[in-house]
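> my questions concern the predicted model and sequence given below.
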Amino acid sequence: MLAAQIAATIIFATMFVLIVMDKIERHYVTLGCGALTLIGVFGILLPQNKLGAIWDTLALKNLVHLDFWWADPNAAHAASHGGIDWATIIFLAGMMIMVEGMAKSGFFRWICMLLAKWVKYKVVPLFIAFMVMSAFLAMFIDSITVILFLAAITIELAKLLKFNPIPMILAEIFCANLGGSATMCGDPPNIIIGSALHYSFTDFLLNTGLIAGLGLIVIVVYFYLVNRKTLKEASAVQIDTAGMPSPESAITSKKDFFISIGIFLLAVVLLITHANTGLSVATIGLGIAIITMLTAGKNLPEIMSKVDYKTLLFFVGLFMVVGGLEQTDILVLMAKFIENISGGNLIVMVIIIVWLSAIASAFVDNIPFAATMVPIITALATNDAMLATLAWSLAMGTDIGGCATPIGASANVVGVSVAGKNGYRIGWGKYCLQAAPATVIVLAISTLVIILRYCV
Amino acid sequence: MAKRFIIAIGREFGSGGKHVGRALAKELGVNLYDRNIVEKVASELEVDSEQLMAYAKKKKRPFFHKTVKGHTTSFEDHVANMQFDYIKKLGESDESFVIVGRCAEEILKDYDGVISIFVKGDREYRIARVMKQFGIDRPSAIEKMDRHDRTRKYYHDRYCKGKWGEVDTYDLCVDATYFGTEGTADFIKEYIKRRLGE
């Protein structure tokens, strides 16, 4: 067993290093490391139950269980154990297809232009409105898409209204990550946590959502105060807004536009009610994907070609590597380590999980971190209430920690990239100067709320 | 010349490749594109050209950048791609021109009338030219020359399949040591005429 444990740990560490190095595309890294785990760790080094470990990690049998697609809302559900989390992957794929359909119809550009028009193109209200919209959209849609559109339109408006778009883009990125932490589908770590531990959309909204809402109020004030001088200068510039592009001009096809809004609203309703309907996130994702494909018409090939298959493959490989740590009991050892240093004290555990997750997520991908930590917190928890407390700690730590640096979360990379492509450089210094203190503020709020609400 | 042509010049530091390009552009009556591409890009984007210039050939720091779905945090990559996009736009126009550096031989390889040239020079010849041009002593000239060549090679090979300064990458490699700047420009001009069948 020791050899298998060492090999699983080495493969896991190598995967992390290769992801950080960013030389090889990350889905190749996780799939390669996943294959090594299945063949090397399970097939060769594991002393017994070789095929069982491979089968458990591939988790294909889950797909044919009724529970995977629909679960009795009144029955209790134990945390899922190990292997590829197909529910997360199917849900992500479904949401990707839906989002591509929305983007194709011009929905995101339309909503951004509409909001800009509502605030009469005034810089300070626009700054606040875009922050709030970024957080709101990221609650339901992946933060990459939100920032991709929001940052591009911010730059377009900045050129027309003659203001520096960098502070606004930084604030939007932060709010997208914050909004993502509010719901189960907002950020991949939340989907992983929610899917593995059978938490509902409402569970997240009432727990991490509350913290995110509180954080958003503080963060809007923070970003305003930090940038008030720049915003004041920009507000003083008189611009004729008569020639601004109209929101309607963003819509490529009215029919597609209304269909995509309908599908989006259906997804929101299904997610909010899934604890009552018993529909799993996999069913919702698959259903939304099928409806989008059926209504896409001639746009279907284009929509499907834009789906990020690489990210889905990245998840498949990642879950296999984490499965290696799980099957060799490495994660149980790590859980015991955390239990020992915390002395079994829940408050100390919360502090460790929030801040350890945050520090790790600021520099390395928060998705593998969350996938690794879920079995650890499951092993640490002695009851459901404790598990939930640790789950919210993990969600807030991983989601918010990633805000601190330009490479901490995908939304940050995309926002910095959109700015860079338009000639606005956002380096580490400029980024961290605004985002790192904001991250510390929200993490402090999260820690405080979790301790006061669940531990005292 | 009647036919449309694009002369893409790569060069070793101190070989006089830039001056060869300038002389060629003057003689052929066409525009020369080099660092001015960055200024043109900055003007199109309505941003500060100084900042773009500073990152035009800067080395990308490992571990500090990340790529997600084709989006990168590296400003160095963005500035390079902005220049490449501008070069492609030039390639799509009918304009004949001379372009120095910026991986042009690779970026423009699919366009008609592209002639790629690499200008090299004997080491002593280059050291002497660098000392004279910058008014510096021999060790400083060597240090400057080697540093710039390293940067050029890094930049070129990072974005191109062909290797910087290797014969397979270019149509013509010429040693400027023997003919000097003007003579090399004349030699290349003759080559271009024959290539274009004039």
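Alright, I've got the coordinates.
> how about the helices in chain B?
B:17-28, B:36-45, B:49-55, B:75-92, B:104-107, B:123-134, B:138-159, B:180-195 (DSSP state H).
> which stretch in the ones you listed has the least confidence?
Per-stretch mean pLDDT for the helices of chain B is lowest at helix B:49-55 (a mean of 86).
> so which elements touch it?
helix B:36-45, helix B:75-92 (3 or more C-beta pairs under 8 Å, 6 or more residues apart in numbering or on different chains; DSSP states H and E). C-betas here are computed from N, CA, C, even on glycine.
> residues near A:Val449, how many?
A:Val449 is flanked by 18 other residues according to other C-beta atoms under 10 Å in any protein chain shown.
> how about the one helix or strand A:Ile347 maps to, does it get close to chain B?
Assigning secondary structure by DSSP states H and E places A:Ile347 in helix A:346-363. No - Helix A:346-363 is not in contact with chain B by C-beta under 8 Å from any C-beta of the partner chain; minimum separation 9.1 Å.
> next, the buried residues of that helix.
A:346, A:349-358, A:360-362 (16 or more other C-beta atoms under 10 Å in any protein chain shown).
> repeat that for stretch B:21-40.
B:21-25, B:28, B:30, B:32-34, B:37-38, B:40.
> also stretch A:37-56?
Neighbour-count burial for stretch A:37-56 [16+ other C-beta under 10 Å]: A:Thr37, A:Leu38, A:Gly40, A:Val41, A:Phe42, A:Leu45, A:Leu46, A:Lys50, A:Ala53, A:Ile54, A:Asp56.
> among the buried residues of stretch B:21-40, which pair sits farthest apart?
B:Leu28 and B:Val38 (23.3 Å; C-beta to C-beta).
> now A:Ala3. Nearest residue, chain neighbours left out?
A:Leu45 (4.8 Å; C-beta to C-beta, 6 or more residues apart in numbering or on different chains).
> how far away is the one you found from A:Ser235?
65 Å (C-beta to C-beta, to the nearest Å).
> got the residues of chain A near chain B?
A:20-22, A:144, A:148, A:159, A:308, A:310-311, A:406-407, A:410, A:412-414, A:416-418, A:420-428.
> now restrict the residues you listed to buried residues only.
A:20, A:22, A:144, A:148, A:308, A:311, A:406-407, A:410, A:412-414, A:416-418, A:420-426, A:428.
> out of everything not next to it in sequence, what's closest to the closest residue to chain B within the stretch 101-250 of chain A?
Closest residue of the stretch 101-250 of chain A to chain B, C-beta to the nearest C-beta: A:Lys159 (6.1 Å). Nearest non-adjacent residue to A:Lys159, counting by C-beta to C-beta, 6+ apart: B:Glu46, 6.1 Å away.
> would you confirm that that neighbour contacts A:Leu160?
No - between B:Glu46 and A:Leu160 there is no contact under C-beta atoms under 8 Å: 10.7 Å.
> how about stretch B:152-170 and chain A, touching?
No - interface with chain A: stretch B:152-170 contributes nothing (C-beta under 8 Å from any C-beta), its closest point being 12.1 Å away.
> end-to-end on that stretch?
15 Å (C-alpha to C-alpha, to the nearest Å).
> for chain B, what lies in contact range of chain A?
Near chain A, when you scan chain B using C-beta under 8 Å from any C-beta, you find B:41-42, B:45-48, B:51-52, B:55, B:62-69, B:71-75, B:77-78, B:81-82.
> and the closest residue to A:Gly408 other than its chain neighbours, what does it touch?
The shortest distance from A:Gly408 to any residue other than its chain neighbours is 3.7 Å, reached at A:Gly402 (C-beta to C-beta, 6+ apart). Counting by C-beta atoms under 8 Å, 6 or more residues apart in numbering or on different chains, A:Gly402 makes contact with A:Asn177, A:Ser361, A:Ala362, A:Asn366, A:Gly408, A:Ala409, A:Asn412.
> residues in contact with the fourth one?
The contact partners of A:Asn366, by C-beta under 8 Å, 6+ apart, come to A:Asp187, A:Pro188, A:Pro189, A:Ser357, A:Ala360, A:Thr398, A:Asp399, A:Gly401, A:Gly402, A:Gly408, A:Ala409.
> go again with 7 Å.
A:Pro189, A:Thr398, A:Gly401, A:Gly402, A:Ala409 (C-beta atoms under 7 Å, 6 or more residues apart in numbering or on different chains).
> same question, the first one
Neighbour list for A:Asn177: A:Ser143, A:Asp399, A:Ile400, A:Gly402, A:Cys403, A:Ala409, A:Ala411 [criterion: C-beta under 7 Å, 6+ apart].
> the first one and A:Ala411 touch, don't they?
Going back to what we said before, that points to A:Ser143. Yes - applying C-beta atoms under 7 Å, one finds A:Ser143 in contact with A:Ala411, separated by 3.8 Å.
> and for these two, which residues touch both?
With C-beta under 7 Å, 6+ apart as the test, A:Ser143 and A:Ala411 both reach A:Ala176, A:Asn177.
> and the residue of the stretch 101-250 of chain A closest to chain B, what pLDDT?
Looking at A:Lys159, the pLDDT reads 87.
> quick check: closest non-adjacent residue to B:Lys88.
Closest to B:Lys88 by C-beta to C-beta, 6+ apart is B:Ile107, at 6.3 Å.
> correct me, but that neighbour touches B:Ile87?
Yes - using C-beta under 7 Å, B:Ile107 is in contact with B:Ile87, at 4.9 Å.
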